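1. Give me coordinates for this.
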Amino acid sequence: MADHRHSRATGCGEYHALSRRQFLRQASVAAAAASAPAWLPRVTYAQSENSARDVMVCVFLRGGMDGLSSVVPFGEPDYYTARPTIRIMPPDSSDANRAINLNGFFGFPPAMGALLPAYLAGRLLIVHATGSIDSSRSHFDAQHYMEVGMPGQSALVTGWLGRHLATRSPARPTASLRALSFTFGLTETLAGGPLTMPIPDPANFGLTGISSSRTARLEWLGTAFAGESDPLRTSALNTQRTIAALAGLGINTYLPSGNAVYANNSFARALRSTAALIRADIGVEVVQIDLGGWDTHSAQAPATGSMAATMRTLADGLAAFHADMDGSSRIDRVTAVVMSEFGRNVRENGSAGTDHGRGNCMFVLGGAVNGGQVLARWPGLARLTDNQDLTVTIDHRDILSEIVAKRLGNAALDVVFPGHAPVAYNAIRFGY
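-> Residues are numbered from 1 along each chain as shown. Okay, here's the model as predicted:
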């Protein structure tokens, strides 16, 4: 059995090297975004196609979130045996950092408490003991398999959301931007998607350089490639249109609804910008946001320390986004999904942390979510996968397939998730 203990003070060596490997991978991703994969069926869109669909917000937690800390199985005695120092005490404990009861068996740690209102309102669904069916414990491979939606397919460079966009006509025919990732390089999840761009900050998206010549250079962009063949000509035109569209939104002066308060961190700012894009209704259909800091091999501290801070960033950001969408009456047309490449070992290690594992939890937020519950085919912690991990009993693609079919209006699941026959869990509702 491979040893995945950390090689640095925080995080493993592979995770620290991952950004370089992602950069190399993104060269292939960029090429995939320019044209559809050879095996993708050619699609002729119906002129009268119903464009009703949700805006999809995909949050990827990079590093392997510990689902047993973010949604605590306090009703399982083996949890406390396996984690004598990093455990979250049950709700009936006198501990100041005890769990917040969700259903008598699972609970939130205090750091995730901001999500309780969305859960109680039925807008937040928690799926536990879920994840990829691939057994890889490599950050790089596990993230890749999850983002392309095909376990074990190392050569595939189109993402599941990219293929969704490639098989669905634009919700707004005049849109110059259908999807974006808040990154400097396009994420694999969106690779292959038309009208898709990496935009780290939509509020300040444009051409770099001397400000006095920026307008002239932007105009040049629209004419310099007019004689070129596609996709270069169309890409240049759409870049020009996107810069103009985003500049006209005034994202920096956006006023949230529902008394939502976004924190001053990159994750919350990305969600705030996402809310502004949704309310502006310019045709953006999919948004990808990453949140790192989950590779907790040492000093995990889910109650008051480093992991608690990362969980609070996640929960507070999502709670503000939920309040904003609810206050602006957009929550019924938004679905957000939060997932990570794998979970952590059930037993804590000698450094008060956890090593790479398997089963995890994911979150689904939105107005059409059958929320207010923890959906789980709970395997228990007495019999573990490889004698160390929570067993994956729900393929994460089953939940994503329901979202794609019911909220994104795409019946081409055999293209979005090739070779996968989804199991229905009634996690998501039809209807608008």
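2. So, low pLDDT: which residues of the stretch 101-250 of the chain?
-> Within the stretch 101-250 of the chain, the stretches falling below the threshold (pLDDT under 70) are 206-237.
3. Assumed residue 197 was part of a helix.
-> No: assessed with DSSP: H, G, I helix; E, B strand; the rest coil, residue 197 is strand; it does not lie in a helix.
4. Can you give me the distance of it to residue 170?
-> According to Cβ to Cβ, to the nearest Å, residue 197 stands 14 Å off from residue 170. Placement of C-beta: from N, CA and C, glycine included.
5. same question, residue 350
-> Distance, residue 350 to residue 170, by Cβ to Cβ: 53 Å.
6. repeat for residue 293
-> 35 Å.
7. and what of residue 117?
-> Where residue 170 is concerned, residue 117 sits at a distance of 34 Å (Cβ to Cβ).
8. Also residue 85?
-> For residue 85, the distance to residue 170 - Cβ to Cβ - is 52 Å.
9. chain center to stretch 58-68, what's the gap?
-> Offset of stretch 58-68 from its chain centre (Cα atoms, centre = their mean, to the nearest Å): 9 Å.
10. what's the answer for stretch 145-163, then?
-> With Cα atoms, centre = their mean, you get 14 Å for stretch 145-163.
11. mind checking the end-to-end distance for that stretch?
-> Terminal residues of stretch 145-163 are spaced 14 Å apart (Cα to Cα, to the nearest Å).
12. Could you do stretch 61-74 as well?
-> When the termini of stretch 61-74 are compared using Cα to Cα, they are 23 Å apart.
13. Who is the spatially most central residue of the chain paired with across the strands?
-> Nearest residue to the geometric centre of the chain (Cα atoms, centre = their mean): residue 59, 2.0 Å. Per DSSP bridges, the residues bridged to residue 59 are residue 289, residue 338.
14. Please name the nearest non-neighbouring residue to residue 58.
-> Using Cβ to Cβ, 6 or more residues apart in numbering and skipping the chain neighbours, the partner closest in space to residue 58 is residue 288 (4.9 Å).
15. I'd like to know how far that neighbour sits from residue 165.
-> With distances taken as Cβ to Cβ, residue 288 is found 12 Å from residue 165.
16. Give me the common contacts of those two.
-> 179, 190 (Cβ atoms under 8 Å, 6 or more residues apart in numbering).
17. Phi and psi next, for residue 395.
-> phi -70, psi 130 (degrees, to the nearest 10).
18. And for it, the neighbour number?
-> A count of nearby residues for residue 395, using other Cβ atoms under 10 Å, gives 19.
19. Check residue 164 too.
-> When neighbours are counted by other Cβ under 10 Å, residue 164 registers 29.
20. and it, what does it touch?
-> Counted by Cβ under 8 Å, 6+ apart, residue 164 has contacts 193, 286, 404, 408, 410, 412, 416.
21. so of those, which ones are in strands?
-> Judged by DSSP state E, these include residue 286 as members of strands.
22. Pick out whichever of the contacts of residue 164 sits closest to residue 325.
-> residue 286 (15.6 Å; Cβ to Cβ).
23. What about residue 166? Give its phi and psi, please.
-> According to degrees, to the nearest 10, residue 166 has phi -70, psi -20.
24. For it, grab the count of nearby residues.
-> For residue 166, using other Cβ under 10 Å, the count is 21.
25. distance of it from residue 415?
-> 8 Å.
26. one step back: please identify which of residue 85 and residue 170 sits among more neighbours.
-> residue 170 (18 against 8).
27. Show the contacting residues for the more buried one.
-> With Cβ under 8 Å, 6+ apart, residue 170 has these contacts: 51, 178, 195, 283, 285.
28. Tally up the residues packed near the fourth one, please.
-> The reference is to residue 283. So residue 283, with other Cβ under 10 Å, has 20 neighbours.
29. who's in contact with residue 393?
-> Per Cβ under 8 Å, 6+ apart, neighbours of residue 393: 129-130, 359, 376-379.
30. Quick one: the strands in the stretch 101-250 of the chain, in order.
-> 107-108, 124-131, 179-181, 196-198 (DSSP state E, counting those that start in this stretch).
31. out of these, nearest to residue 370?
-> strand 124-131 (6.2 Å).
32. Remind me what the closest one packs against, helices and strands.
-> Using 3 or more Cβ pairs under 8 Å, 6 or more residues apart in numbering; DSSP states H and E, the elements in contact with strand 124-131 are strand 360-366, strand 373-376, strand 394-395, helix 396-406.
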